[in-house]
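Novice: here is the input, now give the coordinates:
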Amino acid sequence: MSEFGVYLELGFKHITDLYGFDHILFIIALCSTYLIKDWRQVLILVTSFTIGHSITLALASLNIVHVNSDLIEFLIPITIILTAMYNLTIKFKRDIFKTESDKVWPRYLVAIAFGLIHGLGFSNYLRSLLGKSSSIFSQLLAFNIGLEVGQILIVIALLALSFIVVDLGKINRNRWNWVVSAIVLGMALMLAIDKSGAIFNVE
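Specialist: Numbers count the residues shown, from 1 in each chain. Here you go, the predicted structure:
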């Protein structure tokens, strides 16, 4: 396998790694309010996240940006918590005002901003692989493509599940969003508590 293929596979495996599921949780939280009919909005949303994490992934991997890794590992579940909590407010807004509408563009901005944080998390892993390599453009590109492919597959699985539950199972869309977001929120809270020890020196 070529070096490009190796880093492509590494990027894919990193985003889909069930042992490091924080990035998977964020993708789920980011897209859980959408159904399969909203696939265009979801694609733009995921691409916005990719743009964000690609920027800081490149900057950190090139040693242009240096950030405390423990802080980033703590902030990643915080981004998940905030996204899941926002999803829960959408549910209440739909219940109260009886509307399915939701402004999309703020979510694109949030996806880019939170993507910047996640990119720094990805960079810790990638930088350990690159070592002191002087030319890393192709490796960065391959790793990012692998991440994007993995993210899209996660989104496809989520949208397929929502189609089965909401469209075929006739479960209320708000209830689906609430259940998924609540589960993600609970898992992210546990992650944040676990990661807080390194930040606040809690044993």
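Novice: and for A113, the neighbour number?
Specialist: Using other Cβ atoms under 10 Å, A113 has 13 neighbouring residues. No exception for glycine: its C-beta is placed from N, CA and C like everyone else's.
Novice: repeat for F163
Specialist: Neighbour count of F163, defined by other Cβ under 10 Å: 14.
Novice: I figured it hits Y34, correct?
Specialist: No - counting by Cβ atoms under 8 Å, F163 stays clear of Y34, with 11.0 Å between them.
Novice: tell me which element L75 is part of?
Specialist: L75 belongs to helix 69-97 when elements are defined using DSSP states H and E.
Novice: quick one, helices of this structure?
Specialist: For the chain, the helices defined by DSSP state H cover 3-16, 22-31, 39-61, 69-97, 105-130, 137-162, 173-200.
Novice: tilt between the last one and helix 22-31?
Specialist: Spelled out, it's helix 173-200. Relative orientation of helix 173-200 versus helix 22-31 (axes from the mean of the first three to the mean of the last three Cα atoms, to 10 degrees): 140 degrees.
Novice: relative to the whole chain's centre, how far out is helix 173-200?
Specialist: In terms of Cα atoms, centre = their mean, to the nearest Å, the gap separating the centre of helix 173-200 from the centre of its chain is 13 Å.
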